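> Fold the following for me, if possible:
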Amino acid sequence: MSRPQTKESVQPTVGTVRIGTIAAIPKVLEHLGYDPEAFLAELGVDKSLFDDPDNVIPYALRSQLIHQCAHKTSCQHFGLLIGQYTGASSFGLVGFLMLQSPDVATALRALVRYAHLHVRGAAIYLEEDGDSTFLGYSIYQPQIQAREQIEDGAVAIACNILRGLCGPEWIPTEIYFAHRKPADVRPYQQFFKTRLNFNAERNGVLFPSSWMEQPVLSADPDLRRLLQKQVDQLESRYGDDFAEQVRRVLHSALLTQHATADEVAALFSIHPRTLNRRLKAYGTGFQELVDQGRFEIAQQLLENSSLDVIQIAAALDYADASAFTRAFRRWSGTTPALWREQHHRGGDTRPVRNNLENHNN
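You can find the predicted model right below:
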């Protein structure tokens with residue numbers, strides 16, 4: 001299998017991700033008693049793929065790889081283990097910029113602002129509400145395998161980032177997972193050491209807002225200015241198209257029920273009419289993107305959680321379950337209940353080999 005392209009030739013595009021967040025896969029396999037090189041070779045994956053965290057692969061193939069690893073090791077918390085070994089440094093320049101920020105709030109806002117330079121297909125968002133702050137993660141790439149594994153890993157990474165920024169005294173208030181409660185919750189309890197909420201509407205970490213003012217002790221202002229300049233250059237060269245930016249923002253805005261045209265336009269410091277005009281130039285519209293986002297979130301919650309239709313309707317800001325059901329039928333041609341029955345997880349155990357080979361050839 002030929003070597004994937006690296007940062008010198010390609011940056012994350014729609015539905016792609018740097019290998020950094022799963023660079024711990026060989027270490028996890030070793031921890032579980034497997035020979036990483038032989039195990040990955042069976043899947044058609046060269047272990048050298050993990051040597052450079054800036055290697056870029058399609059989001060879907062990363063998901064398939066995690067799915068295969070979890071299936072072949074029979075480890076249902078494989079994604080959580082990956083996340084436990086991963087922190088801010090997995091985000092490359094953006095991660096180093098965070099570690100040189102003057103305080104936790106500045107660091108987390110940098111993560112949210114520049115995460116798209118690291119991954120396309122998922123959104124990281126920050127919700128500050130009085131005494132509590134929520135750092136969340138949501139996948140908007142459709143038809144992704146190992147969604148629960150990826151979400152578990154992302155929440156673990158979020159905790160590691162916060163522990164790295166705040167110090168060992170930081171403790172999360174609660175942890176949220178938008179999927180069913182696993183059969184064995186002990187690995188989750190051992191790592192997070194706080195209250196766990198499964199079947200939630202979103203994935204993320206809730207913690208006291210007072211930590212946002214905490215200084216980052218390792219910060220070096222001169223180094224931060226240099227890193228900021230490099231990140232700005234990367235942003236200028238590889239920034240998303242406008243429609244993709246709105247799509248990413250909308251996915252988190254829908255989860256926090258702040259997805260009106262006025263609110264989203266304000267995030268881009270433009271008038272709602274300008275927002276619609278710019279989206280029209282990309283062949284889409286604001287309401288179309290809202291419907292796409294709602295449909296994606298609805299599918300995720302129907303497939304991966306035990307939330308009922310009334311709860312999902314409320315999460316997506318519908319007046320009642322009937323309004324949500326009508327919209328879902330318009331999107332999918334069927335009702336939420338029938339869709340859930342038809343799409344209950346069967347699990348794809350096909351080898352990763354062919355897809356990776358096709359990507360690299």
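> Distance check, residue 254 against residue 292.
From residue 254 across to residue 292, the span is 10 Å (CB to CB, to the nearest Å). Every residue, glycine included, has its C-beta placed from N, CA and C.
> Give me the more crowded residue out of those two.
Between residue 254 and residue 292, residue 254 has the larger neighbour count (other CB atoms under 10 Å), namely 22 against 17.
> tell me the SS of that one?
At residue 254 the chain is in helix, as set by DSSP: H, G, I helix; E, B strand; the rest coil.
> Now do it against residue 315, distance only.
Following CB to CB, the distance that separates residue 254 from residue 315 is 9 Å.
> Touching both of these two, which residues are there?
residue 297 (CB atoms under 8 Å, 6 or more residues apart in numbering).
> Could you pull out the buried residues of stretch 273-288?
Neighbour-count burial for stretch 273-288, counted by 16 or more other CB atoms under 10 Å, picks out 275-276, 278-279, 284, 286.
> Take that stretch, keep the C-alpha atoms, and write them as CSV.
Extracted in CSV, the C-alpha atoms of stretch 273-288 (Å, rounded to 0.1, in the frame of the first residue of the first chain):
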residue,chain,number,x,y,z
ARG,A,273,-29.5,38.9,3.5
THR,A,274,-25.8,38.7,2.8
LEU,A,275,-25.7,35.2,4.3
ASN,A,276,-28.4,34.0,1.9
ARG,A,277,-26.8,35.8,-1.1
ARG,A,278,-23.4,34.1,-0.4
LEU,A,279,-25.0,30.7,0.1
LYS,A,280,-27.0,31.1,-3.2
ALA,A,281,-23.6,31.6,-5.0
TYR,A,282,-22.7,28.1,-3.8
GLY,A,283,-25.9,26.7,-5.1
THR,A,284,-27.6,26.2,-1.7
GLY,A,285,-29.7,28.2,0.8
PHE,A,286,-29.9,28.7,4.5
GLN,A,287,-33.1,26.6,5.1
GLU,A,288,-31.7,23.8,2.9
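> can you give me how far it is from the chain middle?
With CA atoms, centre = their mean, to the nearest Å as the basis, stretch 273-288 stands 25 Å off its chain's centre.
> Need the contact partners of it.
Residues contacting stretch 273-288 (CB under 8 Å, 6+ apart): 241-243, 246, 261, 264-265, 268, 270, 272, 289.
> Sitting in helices, which of those do you find?
Counted as lying in helices by DSSP state H, out of the contacts of stretch 273-288, are 242-243, 246, 261, 264-265, 272, 289.
> burial of residue 67, as a residue count?
By other CB under 10 Å, the residues close to residue 67 number 24.
> My understanding was that it contacts residue 148; is that so?
No - Residue 67 lies out of contact with residue 148 (CB atoms under 8 Å); the separation is 9.9 Å.
> quick revisit: neighbour-wise, give me the winner out of the contacts of stretch 273-288.
residue 246 (25 neighbours).
> any idea what sits nearest that one, other than its immediate chain neighbours?
Distance criterion CB to CB, 6 or more residues apart in numbering; nearest residue to residue 246, sequence neighbours excluded, is residue 289 at 5.9 Å.
> surely that neighbour meets residue 244?
No - counting by CB under 8 Å, residue 289 stays clear of residue 244, with 10.0 Å between them.
> what residue ranges in the stretch 251-361 of the chain are flagged as low confidence?
345-361 (pLDDT under 70).
> quick one: the helices in it?
For the stretch 251-361 of the chain, the helices defined by DSSP state H, counting those that start in this stretch cover 261-267, 272-281, 286-304, 309-315, 321-332, 336-342, 353-360.
> Can you tell me which of these is nearest to residue 62?
With CB to CB, the closest approach to residue 62 among the helices of the stretch 251-361 of the chain belongs to helix 353-360: 10.1 Å.
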